[in-house]
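[1] kindly generate the corresponding structure for this input.
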Amino acid sequence: MGGTNEAVQVELLLIPGAPASVIAGLIDFFQVANLELRQRKNHLCQITTVSPRNGPVALNGGMQIVPDRVGLFESNADLLIVPAIGPQIGRVKTSLQPEAHWIRAKAEQGIRVASVCT
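    This is a model prediction of the structure:
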């Protein structure tokens, strides 16, 4: 992860219907972590929001976020974070196939995949 002076590249997958607090919380977490890392002169974390879908991603409660990057692009990420899916877990098989395919593709590129569940 990250070379000697490089930031750790973190991609945060935006999933339709995901709890907005999880997405916002992770973004805030990495911003606060970077404050401490700067003081220690350690590697920073560069977080990028991503989605296999074009356009804004509607989260639970109606909040929408426009991803920084969309589609199946080549990535230099060190880590892909998959957020909580929300209470309707059954929709993974029905409506979240683009995200499932995308996660598989990233893992096959050698990117570490982690999940956060609330």
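[2] quick one: residue 59 from residue 85, how far?
    In this view, residue 59 and residue 85 are 11 Å apart by Cβ to Cβ, to the nearest Å. Where C-beta positions appear, they are placed from N, C-alpha and C, glycine not excepted.
[3] what sits in contact with each of those two?
    17, 18 (Cβ atoms under 8 Å, 6 or more residues apart in numbering).
[4] helix or strand next in line after the longest helix belonging to the chain, which one?
    In the chain, with assignment by DSSP state H, the single longest helix is helix 20-40. The C-terminal neighbour of helix 20-40 among helices and strands, as given by DSSP states H and E, is strand 45-51.
[5] so what touches the helix or strand following that following strand?
    Sequence-wise, the next helix or strand downstream of strand 45-51 (DSSP H and E) is strand 57-58. By Cβ under 8 Å, 6+ apart, the surrounding residues in contact with strand 57-58 are 14, 15, 16, 17, 51, 64, 65, 66, 67.
[6] same check, this time on stretch 99-106
    11, 13, 15, 51, 52, 72, 75, 77, 80, 82, 92, 113.
[7] before we move on, what about stretch 72-81?
    Residues contacting stretch 72-81 (Cβ under 8 Å, 6+ apart): 1-2, 8-13, 26, 48, 50, 52, 102-103, 105-107, 109, 111-116.
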